[in-house]
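Visitor: missing the sequence, but the structure's below:
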């Protein structure tokens, strides 16, 4: 009668086999270990639903999910301007399953606004691609008598602090472009920060705040509806969708240009092969005529930049806008 092998011998053999399998597994390419992606991705938007951030995120998320073969779920994580959501993305696992909707506001302006920022835009994020750039549009509530920025400035100089302007939060792009304009024009207006663009519009349309400098994509909805009056845009040229609205530079009030790009970013240290996959699929989405037309209709300028061009633009705006914020002494509070 044959005796069963000693239990210790069996355990030793099993351990050796496990070690061999583990070693072989570790040498396999990452794609062979677990094909990316094998579960839904989340796209963190550091602003509430309904604003410019949210619009761009949903356009990209819906279409990026198709080539990836997995849903890209938009997750609005607002708070402290854009700090909460951006910090959450910076600290997320670098596995490709958490992405950030990045813009001039949360990645460039915040670097100049906050002395003790919890993240570093260049160190903590890898760009995947920039999709669109928007200017800002200055609007006043329609019952005010102003038809130009010059008229607003004339009244503000004679009545310091009487006019109010809304923003989507302290330190937001809307706050910075407006504060820069009033500083350069030499006038004093009262800042009223909101938690996102939608409540700001509610008070603008309702007559509880006088002016609002918002992204042109969401501003156009209210302008087309006739609920507000456009006074100026912040880009280098007039918008094709609003050809009769002058730029800030044309107004003669101040020399100021500010546009906000939007794109997707991944946490630093995300594996190169995952970054390559995300960049490749996002590039297809961005180059889509359908997506470009959606952005154009919303007053945007579609972007199609190389990775090197993207890195250069992000770095340049961090330096340029950080300098602007410091020179004008704009505070996030």
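Guide: Nice, thanks for sending it over. Values in this document were obtained by computation on a predicted structure and should not be read as measured data.
Visitor: confirm that residue 212 sits in a strand.
Guide: Yes. The assignment for residue 212 by DSSP: H, G, I helix; E, B strand; the rest coil puts it in a strand.
Visitor: distance check, it against residue 163.
Guide: Distance of residue 212 to residue 163, computed by CB to CB, to the nearest Å: 12 Å. Bear in mind the C-beta positions are built from the backbone N, C-alpha and C, glycine included.
Visitor: compare neighbour counts for those two and give me the winner.
Guide: Neighbour totals were compared for residue 212 and residue 163, and residue 212 leads with 29 against 21 (other CB atoms under 10 Å).
Visitor: correct me, but residue 301 touches residue 131?
Guide: No. Taking contacts as CB atoms under 8 Å, residue 301 lies outside contact range of residue 131: 10.3 Å.
Visitor: which residues do the two both contact?
Guide: Common neighbours of residue 301 and residue 131, counting by CB atoms under 8 Å, 6 or more residues apart in numbering, are residue 295.
Visitor: which of these two has more neighbours?
Guide: residue 131 (27 against 19).
Visitor: partners of the helix or strand encompassing that one in the sheet?
Guide: Using DSSP states H and E, the element containing residue 131 is strand 125-141. Sheet pairing for strand 125-141, assigned by DSSP bridges, gives strand 211-215 (antiparallel), strand 228-233 (antiparallel), strand 259-267 (antiparallel), strand 301-302 (antiparallel).
Visitor: give the next helix or strand downstream of that strand.
Guide: helix 149-158.
Visitor: now find how far off-centre that next one is within its chain.
Guide: 31 Å (CA atoms, centre = their mean, to the nearest Å).
Visitor: and the helices in the chain?
Guide: In the chain, the segments counted as helices under DSSP state H are 7-27, 30-33, 52-68, 83-90, 110-113, 149-158, 173-185, 197-205, 216-225, 248-251, 272-287, 289-297, 307-328.
Visitor: make JSON lines out of those and add mean neighbour count, mean pLDDT and distance to residue 100.
Guide: Converted to JSON lines, those look like this (neighbours: other CB atoms under 10 Å; pLDDT from 0 to 100; distance: least, CB to CB, whole Å):
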{"stretch": "helix 7-27", "mean neighbour count": "10", "mean pLDDT": "49", "distance to residue 100": "30"}
{"stretch": "helix 30-33", "mean neighbour count": "11", "mean pLDDT": "44", "distance to residue 100": "22"}
{"stretch": "helix 52-68", "mean neighbour count": "21", "mean pLDDT": "96", "distance to residue 100": "10"}
{"stretch": "helix 83-90", "mean neighbour count": "22", "mean pLDDT": "97", "distance to residue 100": "4"}
{"stretch": "helix 110-113", "mean neighbour count": "24", "mean pLDDT": "93", "distance to residue 100": "12"}
{"stretch": "helix 149-158", "mean neighbour count": "18", "mean pLDDT": "98", "distance to residue 100": "34"}
{"stretch": "helix 173-185", "mean neighbour count": "24", "mean pLDDT": "94", "distance to residue 100": "16"}
{"stretch": "helix 197-205", "mean neighbour count": "20", "mean pLDDT": "95", "distance to residue 100": "19"}
{"stretch": "helix 216-225", "mean neighbour count": "20", "mean pLDDT": "91", "distance to residue 100": "19"}
{"stretch": "helix 248-251", "mean neighbour count": "20", "mean pLDDT": "96", "distance to residue 100": "29"}
{"stretch": "helix 272-287", "mean neighbour count": "17", "mean pLDDT": "98", "distance to residue 100": "12"}
{"stretch": "helix 289-297", "mean neighbour count": "15", "mean pLDDT": "94", "distance to residue 100": "19"}
{"stretch": "helix 307-328", "mean neighbour count": "16", "mean pLDDT": "94", "distance to residue 100": "12"}
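Visitor: so which of these gets nearest residue 191?
Guide: Nearest of the helices of the chain to residue 191, taken as CB to CB: helix 173-185 at 6.9 Å.
Visitor: domains for the chain, by residue range?
Guide: By the assignment in automatic domain parsing, the chain contains the domains 40-134+259-328, 135-251.
Visitor: burial count for residue 190?
Guide: Other residues close to residue 190 by other CB under 10 Å number 12.
Visitor: beta partners for it?
Guide: Following DSSP bridges, residue 190 is listed with bridge partners residue 164.
Visitor: wait, it sits on residue 164?
Guide: Yes. With contact defined as CB under 8 Å, residue 190 and residue 164 form a contacting pair (4.4 Å).
Visitor: I'd like the strands paired with strand 125-141 laid out as a markdown table, including mean pLDDT and distance to residue 37.
Guide: Below are the strands paired with strand 125-141 laid out as a markdown table (pLDDT from 0 to 100; distance: least, CB to CB, whole Å):
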| stretch | mean pLDDT | distance to residue 37 |
| --- | --- | --- |
| strand 211-215 | 95 | 30 |
| strand 228-233 | 98 | 39 |
| strand 259-267 | 98 | 12 |
| strand 301-302 | 94 | 26 |
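Visitor: which one of those strands is the most hemmed in?
Guide: Of all those, strand 211-215 carries the top mean neighbour count, a mean of 29, counting by mean count of other CB atoms under 10 Å.
Visitor: run the chain-centre distance for that strand.
Guide: Centre to centre, stretch against its chain (CA atoms, centre = their mean), the figure for strand 211-215 is 16 Å.
Visitor: renumber starting at 47 from here on
Guide: Happy to do that; since the first residue is 47 now, the last one works out to strand 257-261.
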